[in-house]
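In: Quick one, fold the following:
(one chain, ligands or ions: 1)
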Amino acid sequence: MTDDRNDGEKKMAHRISEHPILGNIEKGRCVSFSYDGKEIYGYEGEPVAVALKAAGVMVHRYTKKGHSPRGIFCAIGRCTDCVMVVDGIPNIRTCITPLKEGMDVRTQYGVSDMPFDKQREAAR
Ligand code: FES
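Out: Below is the predicted model:
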């Protein structure tokens, strides 16, 4: 069973609310956080990556060499494909980082939250 209700004015994405093996899924309170400067919502304590996926965010970082997009892969903290800049700190594994109200989550470009074209301009 899924839960696609709205929490007041806050639109929450399609989520699993009941699972045949896990049973009823406990959720924290609905909190807001920032994703690349935009306010979005998730449940306190769920992994940041889960809140982002529920909001439709699939790309978490771009590789330094090929600028290739990466997102959730292992979802258990082993592969580093989900790393992002969280509260100014790069390389945070969002699949194992609990969501807190007011977090500042940014796409990671190489090891920075600055897009590659701006990094090139800044290097001149
Ligand atoms: S998805 Fe592999 S470390 Fe997060």
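In: Okay, now the unreliable bits of this protein?
Out: Along the chain, the model assigns pLDDT under 70 to residues 1-14.
In: can you give me the helices in the chain?
Out: Ranges of helices in the chain, per DSSP state H, are 48-54, 116-123.
In: how far does the longest one sit from the chain's center?
Out: I take that to be helix 116-123. 24 Å (Cα atoms, centre = their mean, to the nearest Å).
In: just the CA coordinates of it, formatted as PDB?
Out: Taking C-alpha atoms only, helix 116-123 is exported to PDB below (Å, rounded to 0.1, in the frame of the first residue of the first chain):
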ATOM      1  CA  PHE A 116      31.800  22.600 -13.300                       C
ATOM      2  CA  ASP A 117      31.400  25.600 -15.600                       C
ATOM      3  CA  LYS A 118      31.600  27.900 -12.600                       C
ATOM      4  CA  GLN A 119      34.600  26.000 -11.200                       C
ATOM      5  CA  ARG A 120      36.400  26.700 -14.600                       C
ATOM      6  CA  GLU A 121      35.400  30.400 -14.400                       C
ATOM      7  CA  ALA A 122      36.600  30.700 -10.800                       C
ATOM      8  CA  ALA A 123      40.000  29.100 -11.800                       C
END
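In: Tell me which residues are up against it.
Out: Under the criterion Cβ atoms under 8 Å, 6 or more residues apart in numbering, residues 62, 67, 109-110, 112, 114 lie in contact with helix 116-123. Every C-beta, even on glycine, is put in place using the N, C-alpha and C of the backbone.
In: What is the burial count for the nearest residue to P47 once chain neighbours are set aside?
Out: Nearest residue to P47 in three dimensions, chain neighbours excluded: C95, at 5.3 Å (Cβ to Cβ, 6 or more residues apart in numbering). Summarising burial for C95: neighbours were counted as other Cβ atoms under 10 Å, giving 25.
In: Now do the same contact list for V85.
Out: Taking Cβ under 8 Å, 6+ apart as the criterion, V85 is in contact with 92, 105-108, 112-113.
In: Between those, which sits nearest S34?
Out: Closest approach to S34 among the contacts of V85 (Cβ to Cβ): V105, at 6.4 Å.
In: check contacts around the closest one.
Out: Counting by Cβ under 8 Å, 6+ apart, V105 makes contact with 33-36, 48, 52, 84-86, 94.
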